[in-house]
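[1] I would like to see how this sequence folds:
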Amino acid sequence: MNRLKNVDCRIAAQRWPQLKFIWGLHYNTNSMLRSPALSQRCSSVSTAERLLWGALLLVAWGLRLHLLDRQDIWWDEARNIEVALRPLTQIAAAPELDIQPPLYYWLLHGWSLVAGGAVGQLPAQLAFVARLWSVLAGVVGVALLAALARRAGGMRAALLAALLGTLSPFWLAESQESRMYTTGFALLTAAALFFWEHWERHCREKAARFSPASLLFVFLTAAALFTHYNVLFVLLAWYGWWGGWALLQPARRRLLGSVCAHGLATGLLLLPLAPIALRQIPGYANPNLTVVDVGEYLRQNWQAYLGGYAFDPTQANGLASLWLGGVAAVALAGLLLTARQKGRRAILGFFLAWLAGGLTLYYLAVLDRNAFHVRYASFVTPALYTLVAVGLAAFARRSRLLGVLLAALLAAGLVTAAHADLYDRRFDREHIAEVTEWLRQHSTPDDLILVDQKYPFGFYYQPYAVDAVQLAPANTAPANTAPANTAPANTAPARYLFVDINTLDQQLNQWAGTARRVFWVQWFESDTDPRRAVHFLLNKYGRHSGEEWFQGYAIDWWELEPPTQFELAPALQPMTFSFAQAVQVVEVSLPQRRLPAGTPLAVALRWQRIPGGSVVRPLKARVALYDTNGNRLAQADERLLNDRHLAPAQWQPTDRPLGVYLLPIPEGQLPGRYAVRLLVYDAESLEPLNWVDALGAPAGIEPELGRIEIGE
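    A predicted model of the protein is given here:
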């Protein structure tokens, strides 16, 4: 009887077997119901637990709705909304989906039709409608997480998992953005539930390879992969665990056949996705993201998944970090206790394979594609939260008071982190509404606003053009934007500028040739102009008048004297300067006339990787100005990048990228002739590369590109 007191009580009737499945009930109900006292106790306790579980779902719903439209629409959301509002048949082929499969966008398209989301709505209204789908998916995910944890560790684990899923600042943040992650969490968690229904009922006995539960498992895993490609890492971990388990069984041939059959069925469902994936995945890489070592990778993921994006380790005099470590230690100890129960080992092994396998496979992809962000691996969070809940529940089974204390400590840390995510403006994504309002107040129709990102500027500002076509008139909406409202007649025109360094001067001549001022709006994660060609041209032909900083954005502006004729690299002259069998300069552009003091010195160089040479590390180049005594008067240092923003190690033999260097000349510089020299060095160690002559012999480290004259 003492053992039965610690058994998680369940209500399930033989006439309602579906309830047994939903809640993961696989106990012998008849034997439990033969004891009237035990039956009555189980009913009362289970009712209380169900009420608590329902209350947590209501809290999850309320939290996710709270301040749903407070933050501005940001880049990812704007892209998702704009694509989803296109005709359904155009979504899968949209070029904006550089690395995303289409299911989420189809779902958001249908949801927008139902909920009333449409082009032309105010940004806050459009954000609320689009984010509401993520809210719904997030709440469903919490419910499914509780069901999954109940199957793994009983009702106490289910309640702890529901508490964790409800208050998780990471899941809360993803539930308040119009992105695909909460949809993916819900689909994967549901797939895991159906998998275990099939495994427990059919894999241990001679039954059909497929069951209704396993067919739903196949369908949901395919749907999850149609939502995000990184789900593949989780599916590989699942099938790896399943196949490994099957190999250890006496009936391994039959069981391995079942594993292969389900994998084949999933593959068949994914065949329509193959053409899209083959178009998107092979060439994808994100050089703007940094690869971290394994320890830092695990630390960042653990901190984000438990503490959220707004987690501050120094909060409460460092107790926040202690809380993170404490939860990990207690959960791990509880899992070791739970693993001593033979009946729990298989399902715990499944969740550990989900967590460890998913993280490992994604990290290997990071090393290959340089695309790390904690949210990209977040499809392991249902497994992580389940394991944490099962670990804490192991102590709760030994002492109800200890269980309540652990739940309170867990909730205290989660509530603090969730509060920061909801209210602390330091952790807001970006304040594009403030940017556009400032521009309305400080620009005139004679000015031009250039924006380095297509989204979400047009949701908050008109007139705005994203294509290299004639601007739409004020009070109308150009294509591919969702206007915030009609534009006043005295508003400066705005354009999205895709920076192609080879044609940038021509583009500026067309758009900014008659502008009196040019405003350049840059996103904080932008990699559209890493060679700073826009700054180079505007500083060369205009006067930098100021800068303004906002959350997520910076604005620089220049005064011009129209008409302005921009030219990036005038009079390029063939020259060759080779550096350590790595890279070489093949063309040089220097000023051909005398420069007045105070005028910046503009230098353009065309680079090439030396055929047959070797370069593995990132490089930088320094162009410097020297007087006759060898004193360095000015310099400009820039990274060596090609037109795809890749370092020389990834250059193709046909790549001949331009680099631009702008050196400030002081107002009081004495007239005379000055030498312009070039240095190439390792961007990390700062070691210079040897300059070699035509015979390949070292000739120094800083060759002279030419001489310029400064005077009146």
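
[2] Would you verify that Ala699 is located in a strand?
    Yes. Under DSSP: H, G, I helix; E, B strand; the rest coil, Ala699 falls within a strand.

[3] Touching, it and Phe579? I think so.
    No. In terms of CB atoms under 8 Å, Ala699 does not count as a neighbour of Phe579; the distance is 10.4 Å. (Glycine included, C-beta is placed from N, CA and C.)

[4] Could you check which of the two is surrounded by more residues?
    Higher neighbour count among Ala699 and Phe579: Phe579, with 25 against 14, using other CB atoms under 10 Å.

[5] Quickly list what the more buried one is bridged to.
    Taking DSSP bridges as the rule, Phe579 bridges to Val583, Trp691.

[6] I'd say it and Asn690 touch.
    Yes. Counting by CB under 8 Å, Phe579 touches Asn690, with 6.8 Å between them.

[7] can you list residues touching both of Ala699 and Phe579?
    Residues touching both Ala699 and Phe579 (CB atoms under 8 Å, 6 or more residues apart in numbering): 690-692.

[8] Closest one of the residues you listed to Phe550?
    Checking the shared contacts of Ala699 and Phe579 against Phe550 by CB to CB gives Trp691 as the nearest, at 43.6 Å.

[9] quick one: that closest one from His202, how far?
    72 Å (CB to CB, to the nearest Å).

[10] quick one: which of these two has more around it?
    Between Trp691 and His202, counted using other CB under 10 Å, Trp691 has the larger neighbour count: 20 against 17.

[11] check contacts around Thr227.
    101, 103-104, 180, 183-184, 187.

[12] And it, what's its pLDDT?
    Listed pLDDT for Thr227 reads 97.

[13] Identify the residues contacting Val435.
    Val435 neighbours (CB under 8 Å, 6+ apart): 457, 460, 521, 550, 553, 555.

[14] any chance of those in a markdown table, plus secondary structure?
    A markdown table is the format used below for the contacts of Val435 (three-state DSSP):
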| residue | secondary structure |
| --- | --- |
| Phe457 | helix |
| Tyr460 | helix |
| Val521 | strand |
| Phe550 | strand |
| Tyr553 | strand |
| Ile555 | strand |
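
[15] Now for these: which two are most distant?
    Using CB to CB, the contacts of Val435 reach their maximum pairwise distance at Tyr460 and Ile555, which is 13.9 Å.

[16] Of these two, which one has the most company?
    When Tyr460 and Ile555 are compared on other CB under 10 Å, the one with more neighbours turns out to be Tyr460, at 25 against 19.

[17] so what's that one closest to, chain neighbours aside?
    The shortest distance from Tyr460 to any non-neighbouring residue, by CB to CB, 6 or more residues apart in numbering, is to Thr436 (4.3 Å).

[18] just how off-centre is the helix or strand containing that neighbour within its chain?
    Thr436 is part of helix 432-442 when elements are defined by DSSP states H and E. Relative to its parent chain, helix 432-442 has a centroid offset of 26 Å by CA atoms, centre = their mean, to the nearest Å.

[19] Same check on stretch 428-438?
    20 Å.

[20] can you check stretch 670-688 too?
    Centroid separation for stretch 670-688 versus its chain: 37 Å, with CA atoms, centre = their mean.

[21] now the strands for the stretch 351-500 of the chain?
    For the stretch 351-500 of the chain, strands defined by DSSP state E, counting those that start in this stretch occupy the ranges 448-451, 464-465, 494-496.

[22] residue boundaries of the helices in the stretch 201-350 of the chain?
    212-225, 231-247, 252-270, 274-280, 294-307, 319-339, 345-352 (DSSP state H, counting those that start in this stretch).

[23] quick one: pLDDT of Arg593?
    For Arg593, the pLDDT comes out at 81.

[24] Same check on Val140?
    pLDDT, read off for Val140, is 98.

[25] got it, and the one 5 residues further on?
    What the model reports for Leu145 is a pLDDT of 98.

[26] Now do the contacts for it.
    Applying CB under 8 Å, 6+ apart to Leu145 gives the contacts 161-162, 164-165, 189, 382, 385-386.

[27] quick check: longest strand of the protein.
    strand 672-682 (DSSP state E).

[28] what's next to that strand, contact-wise?
    Counting by CB under 8 Å, 6+ apart, 577, 579-580, 582-583, 585, 590, 601, 603, 605, 617-628, 633, 640, 687-689, 691, 701-711 sit against strand 672-682.

[29] Take these and keep only those in strands.
    577, 579, 583, 585, 601, 603, 605, 619-626, 633, 691, 704-710.

[30] Can you go through the contacts of strand 672-682 and name the buried ones?
    Neighbour counting by 16 or more other CB atoms under 10 Å classes 577, 579-580, 582-583, 585, 590, 601, 603, 605, 619-626, 633, 640, 688-689, 691, 701-703, 705, 708, 710 among the contacts of strand 672-682 as buried.

[31] Low-confidence stretches in this protein?
    Counting by pLDDT under 70, the chain contains low-confidence ranges at 1-45, 203-208, 284-290, 370-371, 468-489, 712.

[32] Can you tell me the number of residues neighbouring Leu68?
    So Leu68, with other CB under 10 Å, has 18 neighbours.

[33] same question but for Tyr681, I mixed them up
    17.
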